[in-house]
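A.B. asks: The sequence and its predicted three-dimensional model are supplied below.
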Amino acid sequence: MERTIGNLGHEICSHSQPCANLSGHGVRRCQVNALKVMIPTLNPPTDTLPHCSSDLGHGYVLLNKR
């Protein structure tokens with residue numbers, strides 16, 4: 001909860017109306033989270049492999065040289 005409040009605090013751009021701006025960001029974040037729960041395919045995959053790598057299976061990945 002504290003992390004979310006801190007993240008929202010960093011997103012405030014308007015110094016003249018910080019409460020309205022913070023409220024808008026909070027509502028938008030809630031809407032996005034609700035959509036991600038209702039439609040799971042909207043959430044991007046978190047286990048993407050690096051570019052030009054090959055999955056060898058069993059938790060191993062073949063990486064290209066740098």
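C.D. replies: In hand now; what should we look at? Remember, predicted model here, so these are calculated numbers, not experimental data. Residues are numbered from 1 along each chain as shown.
A.B. asks: From now on I want contacts and neighbour counts done on CA atoms only, so please keep to that.
C.D. replies: Fine.
A.B. asks: same question for the helix or strand hosting residue 19, mean pLDDT?
C.D. replies: Using DSSP states H and E, residue 19 maps to helix 18-38. Across helix 18-38, pLDDT averages out at 84.
A.B. asks: Give the buried residues for that helix.
C.D. replies: Within helix 18-38, the residues scored as buried using 16 or more other CA atoms under 10 Å are 21, 22, 25, 26.
A.B. asks: okay, the following helix or strand past that helix in PDB with CA atoms only?
C.D. replies: Next helix or strand after helix 18-38 toward the C-terminus (DSSP H and E): strand 54-57. Extracted in PDB, the C-alpha atoms of strand 54-57 (Å, rounded to 0.1, in the frame of the first residue of the first chain):
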ATOM      1  CA  SER A  54      17.000 -19.700 -27.800                       C
ATOM      2  CA  ASP A  55      15.100 -21.600 -25.100                       C
ATOM      3  CA  LEU A  56      16.800 -24.900 -24.500                       C
ATOM      4  CA  GLY A  57      14.200 -26.200 -22.000                       C
END
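A.B. asks: contacting residues around strand 54-57?
C.D. replies: By CA atoms under 8 Å, 6 or more residues apart in numbering, the residues outside strand 54-57 that reach it are 49, 61, 62, 63.
A.B. asks: Remind me what the next helix or strand after it packs against, helices and strands.
C.D. replies: Later in the chain than strand 54-57, the nearest helix or strand by DSSP H and E is strand 60-62. Applying 3 or more CA pairs under 8 Å, 6 or more residues apart in numbering; DSSP states H and E, we find strand 60-62 packed against strand 54-57.
A.B. asks: Each with direction, which strands does the strand it packs on pair with?
C.D. replies: Here strand 54-57 has these sheet partners by DSSP bridges: strand 60-62 (antiparallel).
A.B. asks: how about the partner strand: buried residues?
C.D. replies: Quick answer for strand 60-62: no buried residues (16+ other CA under 10 Å).
A.B. asks: re the thing from before, show me which pair in the buried residues of helix 18-38 is furthest apart.
C.D. replies: 21 and 26 (8.7 Å; CA to CA).
A.B. asks: How far does the helix holding residue 19 sit from its chain's centre?
C.D. replies: Counting by CA atoms, centre = their mean, to the nearest Å, helix 18-38 is centred 13 Å from the centre of its parent chain.
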